[in-house]
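Enquirer: I would like the atomic coordinates for the input below:
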Amino acid sequence: MQGEDKLEKARERVIDAIAQNMNLYGVTPSVGRLWGLMYFHDEPMTLDDMKQELGMSKTSMSTSVRNLMELKMVDKVWKKGIRKDLYEVEEDWYQTFIDFFTIKWRSGISMNVSAIQKSLSDLNELIKDEQESNEIKAEAESDIIKLKKALEYYFWLDRLVDSFESQEIFTFIPKE
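Expert: Reported below is the predicted structural model:
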């Protein structure tokens, strides 16, 4: 029984670390714990299996699995003779990183570029407005310069995300 306890402690230590790290990126610790549990489970799991292992409600498990599927960290799989939905983790940590961060980065890039473009339009209208003071126009021009620099950054970040998705990044920083 001592070997089994050591094995369980070793796994639990990693699962706890994963849960805390995922929390840093906006994923709840319970979802992180679920992913960690699934990672160490050798076979695909049903929601009932997950519920039994973690002691959470089936609804909570379903929501957590859906969250992990949206992040492409868990896949639904089929197994002959089993009617319940089965789920397993994406075991390629590089791909998990790429999927997780590119989803988050694409969302952030899109939101910020959209806001900047709308603000640039408004600021350009201010500059053209003959009734606006020179002081406001000067501030608007200053803001336009700042926002164009921000757009350059977001276009660079978009190319960086492209390099992750195409796996070109591994040309510059090879996998171990």
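Enquirer: which residues of the protein fall in helices?
Expert: Using DSSP state H, the helices of the chain run over residues 2-24, 29-40, 47-54, 58-70, 93-128, 134-165, 169-172.
Enquirer: What mean pLDDT does the fourth one get?
Expert: Read that as helix 58-70. The predicted model assigns helix 58-70 a mean pLDDT of 92.
Enquirer: before we move on, what about the longest one?
Expert: Mean per-residue pLDDT for helix 93-128: 94.
Enquirer: on that earlier part again, right, so the helices of the chain: which one is the most enclosed?
Expert: Between these, the one whose residues have the most neighbours on average, counting mean count of other Cβ atoms under 10 Å, is helix 29-40 (a mean of 21). All C-beta spots, glycine's among them, are computed from the backbone N, C-alpha and C.
Enquirer: now that one and helix 93-128, what's the angle there?
Expert: Taking axes from the mean of the first three to the mean of the last three Cα atoms, to 10 degrees, one finds that helix 29-40 is oriented at 140 degrees with respect to helix 93-128.
Enquirer: Quick check: closest non-adjacent residue to the spatially most central residue of the chain.
Expert: If you average the C-alpha coordinates of the chain and look for the closest C-alpha using Cα atoms, centre = their mean, you land on residue 100, 3.4 Å from that point. Nearest in space to residue 100, with sequence neighbours left out and distances taken as Cβ to Cβ, 6 or more residues apart in numbering, is residue 71 at 5.3 Å.
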